[in-house]
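Chemist: 3D model of this:
(chains A and B)
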Amino acid sequence: MSSLWEYANPLKFMRTTDWLLPIVAVAAVVVTATGLIWGFFFTPDDFRQGSTVKIVFIHVPAAMMAINAWVMMLVASLIWLIRRHHVSALAARAAAPIGATMTVIGLITGAVWGQPMWGTWWAWDPRLTSFLILFLFYLGYIAMWAAIDDPDTGADLTAVLCLVGSVFAVLSRYAANFWNQGLHQGASLSVAPGTRMDWAYKAPLYTCMVGFGLVFLALVLAGTRTEIRARRMKALAARERMA
Amino acid sequence: MIALLLRDLRLAIRAGGGFGLGLAFFLILAVLVPLGVGPDRTTLALIAPGILWVGALLACLLSLDRIFALDYEDGSLDLLATAPVPLEGVVSIKALAHWITTGVPLVLVSPVLGLLLSLPVPAYGWLLLSLALGTPALSVIGTFGAALTVGLKRGGLLMSLLVLPMYIPTLVFGAEVVSRGGQGLDVGTPLALLAGITAGAVALLPFASAHVIRINLR
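Modeler: Numbering: from 1, shown residues only, chains lettered A, B, ... in the order given. Here you go, the predicted model:
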């Protein structure tokens, strides 16, 4: 392998993902299942929160991937704008619905956990609010892709939208922070010493995070392959019409 | 550029009622809210800053599609893009024209609507100031949204989906200034952040808007 940029060639990308995708998909299923089963059935109940604490094994990885998916879209958009690699634009397009789904999973699991713990399904807490706003940005991005017929114009416009949207999403995060501290606890994991989570929980949680990352990767690869195939079919149909 | 500004202003004022539409909408919103919530003065005073800011936001949104749509349809946008004036300048002037025809009137009538919503007396000054500081950001962000959707047939709905989330920081800080001002608290922090957003948006977003227009005209 000489350079990462070789995978900007759709043919090369397709050939590599031909064998890579099944491996990633199987690994994603195995790791996620291991993490979830481990987390759900083989960890002790928390002494205050009872078994509701176990929703963390879905909630935290989903929330993490919701943000990471947007960051990945941002990087892919930048690569498209700077180096004009089509695979990059298509990968950003494929990541958006997955990121939006992760955001919804994060919001729903949070609501399900919040009902017994905080006594409310929803509160206008900074973290909750900024996640809802992130979801709105995902919706706008997906709608923008759907609205434009020409693929290159669509890729350009959504890439700029993603860049500008990122700035405003971060601004919104801090604007929501500004109100008050809110209900949501601080970061679940931290690199600082003296973290509050026991290894009995941390190990399955890390497994779930890796699993969700692999799930995301597998879905993005599959989505990108679909987009490439769809574009090939469009080109073939256009050639057919010309003939 | 001044000629372009004057042209846009003239078009906005003369083109059959488009000018007052945002204002009328703002007024109707301020009338509808007490009708829906009930005339209790303390409740109204509590929600007045938020309602006025949301109203200003929506009134701004209403007139955004006029910024580029007509010029795009009759081809003058192509002429402007090939003119010796840089497109970034054209975009800024368009945003300025939008602000003068929508933002400034909103700022000027807002105290009257504040009266309707029984806004606390000390908040009036802050309402004027925060709207005067915040509406330029609304116009510039809106111009970006309008530039994104200029080539689309039914871009209006999509544009509101794109633009409204970007209005959130301005809304939060603007409404915060007014409600803090009404309670006699210190407003320095939200005011500075509001001004910062406006300054950043005015300085940077025209480049994005101009780039997007070039893509759409390709």
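Chemist: contacting residues for residue 64?
Modeler: Looking at chain A here, since you left the chain open. A:209, A:212 (CB atoms under 8 Å, 6 or more residues apart in numbering or on different chains). Quick note: C-beta positions are derived from backbone N, CA and C, even for glycine.
Chemist: ah, I was thinking of chain B
Modeler: So residue B:64 contacts B:98, B:142-143, B:145-146, B:159, B:163 (CB under 8 Å, 6+ apart).
Chemist: closest one of these to residue A:52?
Modeler: Closest approach to residue A:52 among the contacts of residue B:64 (CB to CB): residue B:163, at 38.8 Å.
Chemist: for chain A, see how far away the closest one is.
Modeler: Separation of residue B:163 from chain A (CB to the nearest CB, to the nearest Å) stands at 9 Å.
Chemist: likewise for residue B:81?
Modeler: 15 Å.
Chemist: following the one helix or strand that residue maps to, which helix or strand shows up next?
Modeler: Per DSSP states H and E, residue B:81 falls inside helix B:76-82. Using DSSP H and E, the helix or strand that follows helix B:76-82 in sequence is helix B:87-98.
Chemist: is that next one in proximity to chain A?
Modeler: No - using CB under 8 Å from any CB of the partner chain, we find that helix B:87-98 stays clear of chain A, coming within 13.2 Å at best.
Chemist: distance from the chain centre to the helix or strand just after that helix, please.
Modeler: Moving toward the C-terminus from helix B:87-98, the first helix or strand encountered (DSSP H and E) is helix B:104-116. Relative to the mean C-alpha coordinate of its chain, helix B:104-116 is positioned 14 Å out (CA atoms, centre = their mean, to the nearest Å).
Chemist: okay, buried residues for helix B:104-116 please.
Modeler: B:105-107, B:110-111, B:113-114, B:116 (16 or more other CB atoms under 10 Å in any protein chain shown).
Chemist: show me the shaky parts of the chain.
Modeler: By default, I'm working from chain A. Across chain A, the ranges flagged by pLDDT under 70 are A:1-2, A:46-50, A:179-197.
Chemist: the intended chain is chain B.
Modeler: For chain B (pLDDT under 70), the answer is B:15-19.
Chemist: now do 50
Modeler: Counting by pLDDT under 50, chain B contains no low-confidence segment.
Chemist: ok, which residues in it are in contact with chain A?
Modeler: Residues of chain B lying near chain A (CB under 8 Å from any CB): B:141, B:144, B:148-149, B:151-152, B:155, B:158, B:161-162, B:164-166, B:168-169, B:172-173, B:176, B:190, B:193, B:197, B:205, B:208, B:211-212, B:215-216, B:218.
Chemist: out of those, list just those in helices.
Modeler: Judged by DSSP state H, the residues of chain B next to chain A include B:141, B:144, B:148, B:155, B:158, B:161-162, B:164-166, B:168-169, B:172-173, B:176, B:190, B:193, B:197, B:205, B:208, B:211-212, B:215-216 as members of helices.
Chemist: quick revisit: which residues touch the helix holding residue B:81?
Modeler: Here helix B:76-82 makes contact (CB under 8 Å, 6+ apart) with B:4, B:68, B:71, B:87, B:90, B:150, B:213-214, B:217.
Chemist: between these, which is nearest chain A?
Modeler: Distance to chain A across the contacts of helix B:76-82 (CB to the nearest CB) is lowest for residue B:214, with 9.2 Å.
Chemist: surely residue B:160 touches residue B:61?
Modeler: Yes - counting by CB atoms under 8 Å, residue B:160 does reach residue B:61; the two are 5.8 Å apart.
Chemist: if we can go back for a sec, JSON lines for the buried residues of helix B:104-116, including distance to residue A:209?
Modeler: Converted to JSON lines, the buried residues of helix B:104-116 look like this (distance: CB to CB, whole Å):
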{"residue": "B:105", "distance to residue A:209": "52"}
{"residue": "B:106", "distance to residue A:209": "47"}
{"residue": "B:107", "distance to residue A:209": "49"}
{"residue": "B:110", "distance to residue A:209": "48"}
{"residue": "B:111", "distance to residue A:209": "53"}
{"residue": "B:113", "distance to residue A:209": "50"}
{"residue": "B:114", "distance to residue A:209": "49"}
{"residue": "B:116", "distance to residue A:209": "52"}
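Chemist: residues contacting residue 214?
Modeler: No chain was given, so I picked chain A. A:24, A:27-28, A:31-32.
Chemist: please refer instead to chain B.
Modeler: B:81, B:87.
Chemist: one more: residue B:125?
Modeler: So residue B:125 contacts residue B:181 (CB under 8 Å, 6+ apart).
Chemist: name the residues of chain A found near chain B, please.
Modeler: So chain A meets chain B at A:133, A:136-137, A:139-140, A:143-144, A:147-148, A:153, A:156-157, A:160-161, A:163-165, A:168-169, A:171-172, A:174-176, A:178-179 (CB under 8 Å from any CB).
Chemist: what about the closest residue to residue A:54 other than its chain neighbours, which helix or strand?
Modeler: Leaving aside its chain neighbours, residue A:54 sits nearest to residue A:40 (5.5 Å; criterion: CB to CB, 6 or more residues apart in numbering or on different chains). Assigned by DSSP H and E, residue A:40 falls within helix A:10-41.
Chemist: what is the burial count for residue 37?
Modeler: No chain in the question, so chain A it is. Using other CB atoms under 10 Å in any protein chain shown, residue A:37 has 13 neighbouring residues.
Chemist: not what I meant, chain B
Modeler: 14.
Chemist: ok, it - contacts?
Modeler: Going by CB under 8 Å, 6+ apart, the list of residues near residue B:37 reads B:43-44, B:47.
Chemist: what of residue B:197?
Modeler: A:171, B:134, B:137, B:169-170, B:173.
Chemist: and if we set it to 7 Å?
Modeler: Neighbouring residues of residue B:197 by CB atoms under 7 Å, 6 or more residues apart in numbering or on different chains: A:171, B:137, B:169-170, B:173.
Chemist: most widely separated two among these?
Modeler: Using CB to CB, the pair of the contacts of residue B:197 lying farthest apart is A:171 and B:137, separated by 10.7 Å.
Chemist: compare the two (neighbour count), which wins?
Modeler: Using other CB under 10 Å, the more surrounded residue of residue A:171 and residue B:137 is residue B:137, with 29 against 22.
Chemist: what's around the nearest residue to that one once chain neighbours are set aside, how many residues?
Modeler: Closest residue in space to residue B:137, ignoring its immediate chain neighbours: residue B:198 at 4.1 Å, by CB to CB, 6+ apart. Using other CB under 10 Å, residue B:198 has 23 neighbouring residues.
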